[in-house]
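**Student:** my questions concern the predicted model and sequence given below.
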Amino acid sequence: MLTKKQRDLLIYINDYIQKTGLSPSFEEMKTGLDLKSKSGIHRLINALVERGFLERLPNKARALEVKKLPENVVSLQAQQASRRAPAAAGSLRPANNFRTGGEELVQLPIHGKIAAGTPIEAVRDEVDTIGVPMSMLGMQPCYALTIEGDSMMKAGIMDGDIVIIEKCDRANDGDIVVALVNEEEVTLKRLRREIGQVVLMPENDAYQPIRLPPSQVRIQGKLRSLFRNY
């Protein structure tokens, strides 16, 4: 049995992580719950960790993970997620036949289209959203984009797919990234670095690699998951 303050803090942390992809700071928790001191927040978190509702993630700042919620809260949030999910999302299935079951959905903004072909300007309307299972997300904020083109087809990314992108400004060779080219256009390609160059590699023999100086390429995210219309 949780106290009211413990329950309120747990719900606040869970909602904050769903919206931002990060756990809130002690100052944000103190302000959000209108508490007088950070030491009070510390005691509440310790109690939630001891009861198995929260877990501290080692070697990370602001790293709390919600392990479970009171049953009545889970039921209420599942109903709200179902009501918020757009009708179009009902026809979406992950390319790997992932089954969401009763898993809770997080609403992500669809920022528009991105080229899987030659670079095009991204359309940032941010009007639509998509419901995504929490298991497909990580600790970092994410957003969605609609694929236009077929240059990544050998990687299983097709025209019309919706990709889930984890926000970041750095990536490793081999990662599939959202790359901003010349501060004007964006494209989805596999990242490769050569001496003095960044190479944006297609996954379709009909397209040529895009080779640019590092100063002309800025990483804006990397591929995390994918949905497909059937």
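**Tutor:** Thanks, I have the structure now.

**Student:** the domain parsing of this protein - what is it?
**Tutor:** 4-69, 98-229 (automatic domain parsing).

**Student:** quick one, which of those is packed in tightest?
**Tutor:** Among the domains of the chain, domain 98-229 has the highest mean neighbour count (mean count of other C-beta atoms under 10 Å), at a mean of 17. For glycine as for every other residue, the C-beta is placed from the backbone atoms N, C-alpha and C.

**Student:** would CSV of the domains of the chain with mean pLDDT be doable?
**Tutor:** Output for the domains of the chain, formatted as CSV (pLDDT from 0 to 100):
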stretch, mean pLDDT
domain 4-69, 80
domain 98-229, 81
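
**Student:** roughly how far apart are the one residue sitting closest to the centre of the chain and Tyr12?
**Tutor:** The C-alpha lying nearest the average C-alpha coordinate of the chain belongs to Cys142 (C-alpha atoms, centre = their mean; 2.3 Å). Using C-beta to C-beta, to the nearest Å, Cys142 is found at 21 Å from Tyr12.

**Student:** same question for Ile164.
**Tutor:** From Ile164 to Tyr12 the distance is 25 Å (C-beta to C-beta).

**Student:** ok, back up a step: right, and the residue nearest to the centre of the chain touches Thr20 too?
**Tutor:** No - the criterion here is C-beta atoms under 8 Å, and Cys142 misses it with Thr20 at 10.3 Å.

**Student:** tell me the strands beside the lengthiest strand in the chain, with direction?
**Tutor:** Using DSSP state E to define each element, the chain has its longest strand at strand 217-229. In the sheet, strand 217-229 lines up against strand 92-94 (antiparallel), strand 162-166 (antiparallel), strand 176-181 (antiparallel) (DSSP bridges).

**Student:** can you pull up the bridge partners for the residue lying closest to Val198 once chain neighbours are set aside?
**Tutor:** Nearest residue to Val198, sequence neighbours excluded (C-beta to C-beta, 6 or more residues apart in numbering): Val217, at 4.4 Å. In this entry, Val217 is beta-bridged to Val181, by DSSP bridges.

**Student:** can you pull the contacts of the spatially most distant residue from the centre of the chain?
**Tutor:** In the chain, counting by C-alpha atoms, centre = their mean, Lys36 sits farthest out from the average C-alpha position, at 32.8 Å. Lys36 makes contact with Lys30, according to C-beta atoms under 8 Å, 6 or more residues apart in numbering.
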